[in-house]
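Enquirer: sequence? don't have it. structure:
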């Protein structure tokens, strides 16, 4: 047990930052230099999936089609995540700035922020700041414009291809992949789609250079990350921390002394039980997270937690593919039946098999990732599912 | 309904008449009327020159685009895990008692609708709820009484 506090980082919310200066600096560099700097930093997407940001930009910029778009994914809907709202509230200029630097690399003229309907209250101020930012772009003679598009309450639209469908006025149903957005995204044109936080890091790497970012974190998880901490903790909130800590270190600082489990990565993430705190690293080498950290103490029933997650997925499934639509319904009925004693405990193993089938056959990340929380909760808290 | 016709036309003038304008137009209708009726969908289809089925398909996909009549103030209480842990059920109970309706219902005077919703992104300040676009966090039964009181007077 160590008593040292986890290192706080202040890149995302750092106030001393002139968007104009960073943009001027970026415009003095070649596209290749910007990509190389990002590649060197090791920045991976902060939405959860962790694709190297530099490569996304590079692939999109290499497409023969010259009508290209940069989209900021602000459809933050994963249970336990609320960092993007805070970033857009406190430092929206940095998000705009990150989009503009990307626009330079992929030569895009238009960018969009897809903001979830639940955050509509942010819109008036966001548009006001966007107007001021556009004036800066005009001063710098940068031909780029950003528009905010509102979502309307659908978790699935955080899935990139569903988001494009929604922006095109359709049902938010994920597309088949490939082709990936770098080749065919919004309006079937090459598109970079990045999480809010990723864009801010890309912008701050433009300010400080790759080294400062690279000095933080581990070989697989470079840099820092904004964590949304909630649940049974005396200090819920938003914290920017260096990557590479174990769940044990995290719990020592944020737990209430009676932590039984931590759900890392939201409903689609993994549940880490107490016995695995020490051996589990929070990051791409261990349990990845888009920032959601939900803490549960020993007074909580993990059956209730799992049931809440399954109900969430059942409702948010777009219904397009059978494994996800029917799978989520059956998982919910199944755990309820086991709990009531209508089914034998061994039925849980059948349900685990079902989640594995969903992992292989579901069309998009929603259906595929139900297995993560289901397996990790059922495996580690089996008796709570039965009695 | 000439009034709906006018509204759809003005929204189409503002957002355009392409498929991409569809969701902004539907959002505009909901902001004005709290729901999109079948007649409105037909009217939008006519104005945008697309099939009514396409309009219906999009409108019914999104949980904030209501297609059944709602009250002037739509209350959405977050039901996701951390809000549930912080006493969401007490909040719902208080709202049901005050408004004398169940979840999913609308008051007789068409003033309030009570709904549950998925994660609102305020997990560190639960329980959270929306009244139309306005957010209320760390609500308690006492606060609920004050909030409802305010809206009743409006």
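Expert: Okay, I see it. This one's a predicted model, so the numbers in the text were calculated from it and none came from an experiment.
Enquirer: ends of stretch A:295-305, what's the gap?
Expert: Counting by Cα to Cα, to the nearest Å, you get 11 Å between the two ends of stretch A:295-305.
Enquirer: would you check that residue A:170 makes contact with residue B:58?
Expert: Yes - if you go by Cβ atoms under 8 Å, residue A:170 and residue B:58 touch, sitting 6.0 Å apart. For glycine as for every other residue, the C-beta is placed from the backbone atoms N, C-alpha and C.
Enquirer: identify the residues contacting residue A:12.
Expert: Contact analysis of residue A:12 by Cβ atoms under 8 Å, 6 or more residues apart in numbering or on different chains lists A:87, A:91, A:94, A:197, A:200, A:201, A:204, A:226, A:240.
Enquirer: next one, pLDDT for it please.
Expert: pLDDT recorded at residue A:12 is 94.
Enquirer: who's more crowded, residue A:170 and residue B:58?
Expert: Neighbours were counted for residue A:170 and for residue B:58 using other Cβ atoms under 10 Å in any protein chain shown; residue B:58 has more, 25 against 18.
Enquirer: check which helix or strand that one maps to.
Expert: Taking DSSP states H and E as the criterion, residue B:58 maps to helix B:52-59.
Enquirer: same for that helix, what does it pack against?
Expert: In terms of contacts (3 or more Cβ pairs under 8 Å, 6 or more residues apart in numbering or on different chains; DSSP states H and E), helix B:52-59 is packed against helix B:22-33, helix B:38-48.
Enquirer: of all those, which one is nearest chain A?
Expert: helix B:22-33 (3.7 Å; Cβ to the nearest Cβ).
Enquirer: what distance separates that closest one from the centre of its chain?
Expert: In terms of Cα atoms, centre = their mean, to the nearest Å, the centre of helix B:22-33 is found 11 Å from the chain centre.
Enquirer: domains of chain B?
Expert: B:2-59, B:73-153 (automatic domain parsing).
Enquirer: I'd like the helices and strands packed on helix B:52-59 laid out as JSON lines, including mean pLDDT and distance to residue A:292.
Expert: Listed next are the helices and strands packed on helix B:52-59 as JSON lines, based on pLDDT from 0 to 100; distance: least, Cβ to Cβ, whole Å:
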{"stretch": "helix B:22-33", "mean pLDDT": "97", "distance to residue A:292": "27"}
{"stretch": "helix B:38-48", "mean pLDDT": "97", "distance to residue A:292": "36"}
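Enquirer: now, of these, which is deepest in the fold?
Expert: The highest average neighbour count among the helices and strands packed on helix B:52-59, using mean count of other Cβ atoms under 10 Å in any protein chain shown, belongs to helix B:22-33 at a mean of 20.
Enquirer: that helix near chain A anywhere?
Expert: Yes - applying Cβ under 8 Å from any Cβ of the partner chain, one finds helix B:22-33 in contact with chain A at B:22, B:23, B:24, B:26, B:27.
Enquirer: for the second one, which residues are in contact?
Expert: The contact partners of residue B:23, taken as Cβ under 8 Å, 6+ apart, are A:150, A:152, A:166, A:169, B:58, B:62, B:65.
Enquirer: are any of the residues you listed buried, and which?
Expert: A:150, A:152, A:166, A:169, B:58, B:62, B:65 (16 or more other Cβ atoms under 10 Å in any protein chain shown).
Enquirer: would you turn those residues into a markdown table with secondary structure, distance to residue A:144 and pLDDT?
Expert: Shown next, in a markdown table, are those (DSSP: H, G, I helix; E, B strand; the rest coil; distance: Cβ to Cβ, whole Å; pLDDT from 0 to 100):
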| residue | secondary structure | distance to residue A:144 | pLDDT |
| --- | --- | --- | --- |
| A:150 | strand | 21 | 98 |
| A:152 | coil | 27 | 97 |
| A:166 | helix | 23 | 98 |
| A:169 | coil | 24 | 98 |
| B:58 | helix | 29 | 98 |
| B:62 | coil | 29 | 97 |
| B:65 | coil | 31 | 97 |
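Enquirer: now the two most distant members of those residues.
Expert: Maximum pairwise distance in the buried ones among the contacts of residue B:23, criterion Cβ to Cβ, is 13.8 Å, between A:150 and B:58.
Enquirer: what about residue A:192, helix or strand, and which?
Expert: strand A:191-195.
Enquirer: so how many other residues sit close to the nearest residue to residue A:273 once chain neighbours are set aside?
Expert: Using Cβ to Cβ, 6 or more residues apart in numbering or on different chains and skipping the chain neighbours, the partner closest in space to residue A:273 is residue A:380 (4.1 Å). By the other Cβ under 10 Å criterion, the neighbourhood of residue A:380 contains 18 residues.
Enquirer: check contacts around residue A:380.
Expert: Neighbours of residue A:380 in contact, by Cβ under 8 Å, 6+ apart: A:261, A:271, A:273, A:276, A:302.
Enquirer: quick check: the farthest pair among the residues you listed?
Expert: Taking Cβ to Cβ, no two of those sit farther apart than A:276 and A:302, at 14.0 Å.
Enquirer: surely residue B:56 touches residue B:40?
Expert: No - with contact defined as Cβ under 8 Å, residue B:56 does not count as touching residue B:40 (10.7 Å).
Enquirer: which SS state does residue B:152 fall under?
Expert: helix (DSSP: H, G, I helix; E, B strand; the rest coil).
Enquirer: sorry, slip of the keys, the one I care about is residue A:33.
Expert: helix.
Enquirer: got a pLDDT number for it?
Expert: So, for residue A:33, pLDDT stands at 96.
Enquirer: equivalent analysis for residue A:4, please.
Expert: Looking at residue A:4, the pLDDT reads 66.
Enquirer: if you drop the residues flanking it in sequence, what lies closest to the residue of chain B positioned farthest from its centre?
Expert: Taking Cα atoms, centre = their mean as the measure, the residue most remote from the mean C-alpha position of chain B is residue B:49, 26.5 Å away. Computed as Cβ to Cβ, 6+ apart, the closest residue to residue B:49 that is not its neighbour in sequence is residue B:17, at 7.0 Å.
Enquirer: over to residue A:144?
Expert: Closest to residue A:144 by Cβ to Cβ, 6+ apart is residue A:103, at 4.7 Å.
Enquirer: quick one: the helices in the stretch 251-387 of chain A, in order.
Expert: A:302-316, A:322-340, A:347-361, A:365-380, A:382-386 (DSSP state H, counting those that start in this stretch).
Enquirer: and for residue B:102, the neighbour number?
Expert: Counted with other Cβ under 10 Å, residue B:102 comes out at 10.
Enquirer: sec struct for it, please.
Expert: Looking at residue B:102 with three-state DSSP, the answer is coil.
Enquirer: before we move on, what about residue A:250?
Expert: Under three-state DSSP, residue A:250 comes out as helix.
Enquirer: that one: neighbour count?
Expert: 24.
Enquirer: gap between the closest residue to it other than its chain neighbours and residue A:220?
Expert: Excluding the flanking residues, the one nearest residue A:250 by Cβ to Cβ, 6+ apart is residue A:282, at 6.3 Å. Distance of residue A:282 to residue A:220, computed by Cβ to Cβ, to the nearest Å: 12 Å.
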